[in-house]
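Chemist: please work out how this folds:
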Amino acid sequence: MTLSTWLGLLAICCLGAMSPGPSLAMVVRHTLSGGRLHGVVCAWAHSIGIGVYALVTLLGLAAVLKASPLMFNTIALMGAFYLAWMGIQALSSKGGLQKKLTAGKPTSLWVAARNGLAISLLNPKILLFFLALFSQFVLAAQTTTGQALIVVTPLIMDGLWYTIIAFVLSHSAVLPRLRDKAKLIDRLSGVVLILLAIRVVYTIL
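Modeler: Numbering: from 1, shown residues only. I've put the predicted structure just below:
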C-alpha cells in the first residue's frame, strides 16, 4: 500500500469517526454518567467493533453479505431493533440521566464496554460505510503490512477520536455545564437512536 493510498484511507476513517450519530451519543452518555474512564472504555470498545468490520471487509465476507439480501436484511433489522431499544431506554429512563448522576449510580465499566461494542457491531450504517468506501482500499493492499493497516487504521482513529471526546467532556470546566443539560442529552440520545432505527427499517422496506 502506497503512502498516498494510506493517507486517503486515513482521511476517510477520520470523516467516518467524526460523523455525529448514535456512537457519539453513547460515548457522551457514559462520560457524563461515569466520568472520563467510562467514556474511554466505551470509545475503545466501539473501536473494536469498527476493527471487526474492517477485518470482515478484508476477508471478503462483506461482499458475501451484500450478495445475500436476506442475510443482510436480517442483520440490519437486528441492529435497528437494538438501536430502537436503547433509544426507548434513554427516553423512558426515570428522571433522565441527571437523576442517575445525582443518585451517584453511574453505569459500570462493563456496561460502557458492552454498549460501545454493540453500538458499532449492530449498526448497519457502519457496514454500509465499509461496503461503499472501504473495499477500494482492500484491493490496494497486496502485502501483509498493507492488510494490517486496513484493519488497524480505522480501529485506532475511531478510538482516538472518541477518547478525545471523553477527555473534553470530562474536563472540570466543561463537565459541570453538561451535567446541567444531562437530561436533555439523554432525551436527544434516545431520539437519535430511534430515528436511526426507523431509517434502517424504512430503507429495508
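
Chemist: would you mark the buried spots in the helix or strand hosting A84?
Modeler: In the assignment (DSSP states H and E), A84 maps to helix 69-91. Residues of helix 69-91 classed as buried: 72-73, 75-76, 79-80, 82-84, 86-87, 90-91 (neighbour count, 16 or more other Cβ atoms under 10 Å). Using the backbone N, CA and C atoms, a C-beta is placed for each residue, glycine as well.

Chemist: what is the most widely separated pair among these?
Modeler: F72 and L91 (28.5 Å; Cβ to Cβ).

Chemist: helix or strand right after the helix or strand bottoming out on mean pLDDT in the chain?
Modeler: One helix or strand of the chain scores below all others by mean pLDDT, DSSP states H and E: helix 96-102, with a mean of 49. As assigned by DSSP H and E, the chain's next helix or strand after helix 96-102 is helix 109-121.

Chemist: just checking, which helix or strand succeeds that next one along the chain?
Modeler: Later in the chain than helix 109-121, the nearest helix or strand by DSSP H and E is helix 124-129.

Chemist: and the contacts of the helix holding A84?
Modeler: Outside helix 69-91, the residues that touch it by Cβ atoms under 8 Å, 6 or more residues apart in numbering are 22, 26, 29, 64-66, 115, 118-119, 122-124, 127, 186-187, 189-194, 196-198, 200-201, 203-204.

Chemist: can you say which of those are buried?
Modeler: For the contacts of helix 69-91, a neighbour count by 16+ other Cβ under 10 Å gives the buried set as 22, 26, 29, 65, 115, 118-119, 122-124, 127, 186, 189-190, 192-194, 196-197, 200-201.

Chemist: pull the longest helix from this protein.
Modeler: In the chain, taking DSSP state H as the definition, the longest helix is helix 144-169.

Chemist: which residues touch F130?
Modeler: 53-54, 56-57, 62.

Chemist: now A25
Modeler: Going by Cβ under 8 Å, 6+ apart, A25 touches 185, 188-189, 192-193.

Chemist: show only the entries of those residues found in helices.
Modeler: 185, 188-189, 192-193.

Chemist: just send those back as a markdown table, with distance to G49 and pLDDT too.
Modeler: Shown next, in a markdown table, are the ones in helices among the contacts of A25 (distance: Cβ to Cβ, whole Å; pLDDT from 0 to 100):
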| residue | distance to G49 | pLDDT |
| --- | --- | --- |
| I185 | 22 | 70 |
| L188 | 22 | 77 |
| S189 | 18 | 73 |
| V192 | 18 | 77 |
| L193 | 16 | 75 |
